[in-house]
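Trainee: model the following, please.
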Amino acid sequence: MGWGNASNVSTANVDSASDDPSLARNDIYLALQELIAVINGRNTANGVAGLDSSALIPNTRLPNELISSTGYHLTLSPNTGRVTVNDILKLNPQTVSELEALSTQAGDIAYCSNGDAGSPCLAVSLGITDSSGLAEWYRISLGSLISAT
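Mentor: Below you'll find the model as predicted:
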């Protein structure tokens with residue numbers, strides 16, 4: 001069963017106090033049929049993904065591949081544990097202070113706008129915090145410009 005269709009609902013015989021109730025019966029019946037389609041369309045093809053008890057879409061309802069209208073792909077491969085991004089991955093620049101304030105896990109990677117003595121760098125976390133509770137990030141300095149030769 002698919003999702004409901006508003007074009008199947010008519011208010012022609014139910015939108016005025018002077019409407020004939022006997023004519024409204026069929027309009028009400030058809031509207032209820034569309035409501036049933038919406039209810040039964042939860043977690044079905046061409047329906048809607050239901051939310052779990054935390055108001056989140058369960059991972060079993062998420063697609064393995066997201067394709068934007070421009071054709072750029074983001075592939076999530078749960079069976080391999082890989083995320084493939086065609087073309088470029090953009091990391092939102094963070095300052096040292098912003099990164100240190102985050103709760104991190106080992107393997108987190110970030111772009112730090114001022115982490116190499118004020119210059120930009122990549123940073124990786126081992127999931128460790130210092131004695132004051134700040135996340136520790138390790139700098140990966142940016143080298144020379146890329147070149148094909």
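
Trainee: contacts and neighbour counts: CA atoms only from here.
Mentor: Fine.

Trainee: secondary structure element holding residue 24?
Mentor: Using DSSP states H and E, residue 24 sits within helix 21-40.

Trainee: what's downstream of that helix, the next helix or strand?
Mentor: For helix 21-40, the following helix or strand on the C-terminal side (DSSP H and E) is strand 65-67.

Trainee: quick one on the thing from earlier: need the mean per-residue confidence for the helix holding residue 24.
Mentor: Taken as a whole, helix 21-40 has an average pLDDT of 91.

Trainee: list the buried residues of that helix.
Mentor: Judged by neighbour count (16 or more other C-alpha atoms under 10 Å), helix 21-40 contains these buried residues: 24, 27, 28, 31, 33, 34, 35, 37, 38, 39, 40.

Trainee: starting at the chain centroid, how far to that helix?
Mentor: 34 Å (C-alpha atoms, centre = their mean, to the nearest Å).

Trainee: neighbouring contacts of it?
Mentor: 1-6, 8-14, 47 (C-alpha atoms under 8 Å, 6 or more residues apart in numbering).

Trainee: how close does residue 100 get to residue 64?
Mentor: Per C-alpha to C-alpha, to the nearest Å, residue 100 is found 32 Å from residue 64.

Trainee: neighbour-wise, which of the two wins?
Mentor: residue 100 (18 against 14; other C-alpha atoms under 10 Å).

Trainee: I'd like the next helix or strand past the lowest-mean-pLDDT helix or strand in the chain.
Mentor: Within the chain, no helix or strand scores below strand 73-77, which has a mean of 70 by mean pLDDT, DSSP states H and E. Per DSSP H and E, the first helix or strand lying C-terminal to strand 73-77 is strand 82-85.

Trainee: remind me which residues of this structure are low pLDDT?
Mentor: 1-2, 76-79 (pLDDT under 70).

Trainee: could you list the domains of this protein?
Mentor: Annotated domains of the chain cover 6-40, 58-87, 96-141 [automatic domain parsing].

Trainee: turn these into TSV, including distance to residue 51.
Mentor: Formatted as TSV, those follow (distance: least, C-alpha to C-alpha, whole Å):
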stretch	distance to residue 51
domain 6-40	13
domain 58-87	7
domain 96-141	26
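
Trainee: which among those domains is found nearest to residue 148?
Mentor: Counting by C-alpha to C-alpha, residue 148 lies closest to domain 58-87 out of these; the figure is 17.6 Å.

Trainee: perfect, that will be all.
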